[in-house]
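Participant: From the sequence below, what's the structure:
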Amino acid sequence: MNIKQMVQYRQIHKLIDEANMNGPYLGLVIPNLFEMNPLLQHPNYASTDFTIDVAEKRFWFGKIVEKKVILVMTGQSMINAGITTQLLLTLLKIEGVVHYGIAGNANPPSTLDLSLFLNIDHTLLLGVGR
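Facilitator: Just a heads-up that it's a prediction; the model follows:
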């Protein structure tokens with residue numbers, strides 16, 4: 001790691017620490033700009049103009065009504081959604097995650113799928129995934 005990379009690393013961690021002091025947040029994980037734009041333009045969304053760029057992902061901070069939120073775009077595919085969600089949960093103080101968007105909708109007339117997870121199973125930790 002060269003000096004420039006070390007400075008960038010420290011700057012990013014400083015931003016993450018600052019964000020976490022103001023948390024917790026609701027994480028909104030969105031696959032693309034097409035699905036993010038309606039949310040960004042909605043009158044109930046207010047940007048704080050605070051962003052953090054990590055691992056080629058940009059985390060946008062804001063509020064929906066009075067709820068603190070972090071928006072992050074995943075790009076297409078489930079593996080990108082998984083990696084992005086893990087980054088969100090690892091780096092930032094998160095109280096919940098909403099995967100937002102059409103997500104290969106099973107009901108074609110609908111324009112939005114919403115997945116809410118009430119429980120998370122860590123089956124690999126139990127040795128089931130071997």
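Participant: thinking residue 29 is in contact with residue 94, fair?
Facilitator: No. In this structure residue 29 lies outside contact range of residue 94 using CB atoms under 8 Å: 10.4 Å. No exception for glycine: its C-beta is placed from N, CA and C like everyone else's.
Participant: gap between residue 81 and residue 24?
Facilitator: Taking CB to CB, to the nearest Å as the measure, residue 81 falls 21 Å from residue 24.
Participant: neighbour-wise, which of these two wins?
Facilitator: Neighbours were counted for residue 81 and for residue 24 using other CB atoms under 10 Å; residue 81 has more, 18 against 13.
Participant: Doesn't that one lie inside a helix?
Facilitator: Yes. Using DSSP: H, G, I helix; E, B strand; the rest coil, the assignment for residue 81 is a helix.
Participant: is it true that it touches residue 27?
Facilitator: No. Counting by CB under 8 Å, no contact exists between residue 81 and residue 27, whose distance comes to 11.7 Å.
Participant: contacts for stretch 51-61?
Facilitator: Applying CB atoms under 8 Å, 6 or more residues apart in numbering, the set of residues contacting stretch 51-61 from outside is 12, 15-16, 19, 25, 47-48, 50, 68-74, 84, 87-88, 91-92.
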